[in-house]
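Asker: Give me the fold of what follows.
(one chain, ligands or ions: 1)
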Amino acid sequence: MAGARAVTGSPDSPTAPEDPLDDVLAKARACRVCAAHLPLGPRPVLRAAEGARLLIVGQAPGTKVHESGVPWDDPSGDRLRAWLGVDRVTFYDEGRVAILPMGFCYPGRHARGGDLPPRKECAPLWHEPVRARLPEVALTLLVGQYAQAYYLGPRRKASLTETVRAWRAYAPEFLPTPHPSWRSTNWLKRNPWFEAEVLPALRRRVRALL
Ligand code: SF4
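Answerer: Residues are numbered from 1 along each chain as shown. Take a look at the predicted model:
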């Protein structure tokens, strides 16, 4: 994996090795590490419970999710659920599906439009402590370039399209996808192999896991 990570229990880690998952989640939800950079303040949005089989690593909450506290509760989430072939009840069953964005809090907007990237502090602090307590996770969906950069590191290809096209190389642990936002609509048209090859395989895997 690329990027420096705080090992659970190290002096840099906000968690202790003996912390159960619920304590780690509570500490993450109380995190204020990059509060000074967050225009709407910290509101970490993440979900996980022991027994989860699928982990979804996305980007960062938008303003709607910041308000609701419910990840993927938007048109992107609807498209992601269609990709996975699961309904909302299954998707939001955290005992089956864990959700960790690369940045847990809304990062703000770029001056030239669009949301800023996920805060870089977040994943190195929190992902490993949470993932270490999810031993049943068999597939991690890497949604978008930030998740792919962090988890695939040098194994990532030169572009998101090439990385997604090489999805078989990352199986069975990871599966990279584009972000399912409206911006992906043209990408999907240009890359019909994604819906023809990747999604059926993804749905089969998810059905078997959940
Ligand atoms: S984005 Fe992550 S590191 Fe920053 S305050 Fe939120 S939970 Fe903490």
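
Asker: When you work out contacts or count neighbours from here on, use the C-alpha atoms and nothing else.
Answerer: Will do.

Asker: any weak-confidence spans in the chain?
Answerer: 1-12 (pLDDT under 70).

Asker: what do you get if the cut-off is 80, keeping everything else the same?
Answerer: Applying pLDDT under 80 to the chain flags the ranges 1-13, 182-183.

Asker: Residue numbers of it in contact with the ligand?
Answerer: Applying Cα under 6 Å from any ligand atom, we find that the chain lies next to the ligand at 28, 31-35, 42, 44, 103-105, 119, 121-122.

Asker: ok, S184 - contacts?
Answerer: P178 (Cα atoms under 8 Å, 6 or more residues apart in numbering).

Asker: Phi first, then psi, for it.
Answerer: phi -80, psi -10 (degrees, to the nearest 10).

Asker: which residues sit in contact with the residue positioned nearest the centre of the chain?
Answerer: Closest residue to the average C-alpha location of the chain: V57 at 1.4 Å, with Cα atoms, centre = their mean. The neighbourhood of V57, defined by Cα under 8 Å, 6+ apart, consists of I99, L100, P101, M102, T140, L141, L142, V143, A147.

Asker: That one bridge partners, please.
Answerer: L142 (DSSP bridges).

Asker: top of the contacts of V57 by neighbour count?
Answerer: M102 (30 neighbours; other Cα atoms under 10 Å).

Asker: coming back round to it: let me have the contacts of V57 in TSV, extended by distance to P75.
Answerer: Listed next are the contacts of V57 as TSV, based on distance: Cα to Cα, whole Å:
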residue	distance to P75
I99	17
L100	18
P101	17
M102	19
T140	21
L141	18
L142	18
V143	15
A147	20
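
Asker: Contact partners for the closest residue to V33 other than its chain neighbours?
Answerer: Nearest residue to V33, sequence neighbours excluded (Cα to Cα, 6 or more residues apart in numbering): E121, at 7.7 Å. Residues in contact with E121 (Cα under 8 Å, 6+ apart) are V33, C34, G103.

Asker: isn't the last one right next to C122, touching?
Answerer: The one in question is G103. Yes: contact criterion Cα atoms under 8 Å: G103 and C122 qualify, at 5.3 Å.

Asker: Those two: which is more packed in?
Answerer: The neighbour comparison of G103 against C122 (other Cα under 10 Å) goes to G103, with 27 against 20.

Asker: about what we covered before: export the contacts of E121 to CSV and append columns for distance to Y151 and secondary structure.
Answerer: Listed next are the contacts of E121 as CSV, based on distance: Cα to Cα, whole Å; DSSP: H, G, I helix; E, B strand; the rest coil:
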residue, distance to Y151, secondary structure
V33, 22, coil
C34, 22, coil
G103, 14, coil
